Structures are given as C-alpha cells and as structure tokens.
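**Student:** 3D model of this:
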Amino acid sequence: MITQSRVHVLLVEDDEDTREVLRLILESDGIEVAVARDGLEALNRIGQLREQDPHAPSVIVLDYMMPRCSGPQFRQRQLADPQIADVPVILVSAVSDLSSRAALLKPYAMLQKPIDPDQLTSVVREACNARRNP
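**Tutor:** You can find the predicted model right below:
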C-alpha cells in the first residue's frame, strides 16, 4: 500500500505527439508525469523514479503497440518483478479489439484512443486510490 498524497504517472507512449498531449492533460490536472518512449525505456525510468521515491510511479499509462518493447512485453516483465508488479497499469491503444487482446495482461483499465481527457484523469486517480486502499 502506498501512502503519499501525490500522483506520479509513468506515461509510456511511442508517438511523440500523443505522448505530449497526454502529458499535458495529466499535468493540467496536477499529476506529475515522467515519460518513456517504449517498454525498455520505461523499465529504466522506473528505476530512476524509485531512487527518488520508492513508491513511484503511482500508475503506469501504457501504450499497447510500440517498437522494441511493446505494452504486452513490458507488462509481462513488470508482473514478473515483485518490486513493481503492484503498480496499476492503464492500457491505451487505437486497436479495435483491445479488451480481447489485453485481458491476460490484467490491466487496471483499458482506454481506447482517441482518449477523452476527463476519462483519462479520472481513471488515473481511481487507479492510484485503489493502490493506496487495497
């Protein structure tokens, strides 16, 4: 269980424009955001974030389709690592059958692109609260 009051999101998205828009949406709602371009970079960023705060990130917003290390590949590595397995993941994608593809990954939530800004911030805060109060 985490106890800090701030919300810190790791946003993992390969498309630069989408990454920037999602970052701005989250930051405009008072959420701290770190970014990564793919799953490999995300794993490195988690290590850096945890040096500053052992509970960071609060939530991971994860694109499904990315080069080098896709959302599913990242999620498999995350679930295998007891240090970060409990960090909720919100899976985002433009693929039409996201729920059937992603069910085995056990995400906290799945959002279809284009993402509604209010829905994104709401789901991020819900996931963070669920982690704080299991």
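**Student:** Which neighbouring residues are in contact with the nearest residue to Gln112 once chain neighbours are set aside, exactly?
**Tutor:** Spatial nearest neighbour of Gln112, excluding adjacent residues (Cβ to Cβ, 6 or more residues apart in numbering): Leu98 at 6.3 Å. All C-beta spots, glycine's among them, are computed from the backbone N, C-alpha and C. The contact partners of Leu98, taken as Cβ atoms under 8 Å, 6 or more residues apart in numbering, are Tyr64, Leu91, Met110, Gln112.
**Student:** taking the residues you listed one by one, which sit in strands?
**Tutor:** Of the positions in these, Leu91, Met110, Gln112 sit in strands, assigned by DSSP state E.
**Student:** packing partners for the helix or strand containing Val9?
**Tutor:** Assessed by DSSP states H and E, Val9 sits inside strand 8-12. Using 3 or more Cβ pairs under 8 Å, 6 or more residues apart in numbering; DSSP states H and E, the elements in contact with strand 8-12 are helix 16-28, strand 32-36, helix 39-52, strand 59-63.
**Student:** List the strands paired with it, with their directions.
**Tutor:** When pairing is defined by DSSP bridges, strand 8-12 lines up against strand 32-36 (parallel), strand 59-63 (parallel).
**Student:** got those as CSV, with mean neighbour count, distance to Arg6 and mean pLDDT columns?
**Tutor:** Output for the strands paired with strand 8-12, formatted as CSV (neighbours: other Cβ atoms under 10 Å; distance: least, Cβ to Cβ, whole Å; pLDDT from 0 to 100):
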stretch, mean neighbour count, distance to Arg6, mean pLDDT
strand 32-36, 19, 6, 97
strand 59-63, 28, 12, 97
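**Student:** What's the mean pLDDT across the helix ranked longest in the chain?
**Tutor:** Determined from DSSP state H, the single longest helix within the chain is helix 117-132. Helix 117-132 shows a mean pLDDT of 93.
**Student:** Now do the buried residues in it.
**Tutor:** Buried residues in helix 117-132, counted by 16 or more other Cβ atoms under 10 Å: Leu120, Thr121, Val123, Val124, Arg125, Ala127, Cys128, Arg131.
**Student:** Next up, the contacts around the closest residue to the first one other than its chain neighbours.
**Tutor:** Here the nearest residue to Leu120 in space, its sequence neighbours aside, is Ile25; by Cβ to Cβ, 6+ apart that works out to 5.9 Å. Residues near Ile25 by Cβ under 8 Å, 6+ apart: Ile115, Pro117, Leu120, Thr121.
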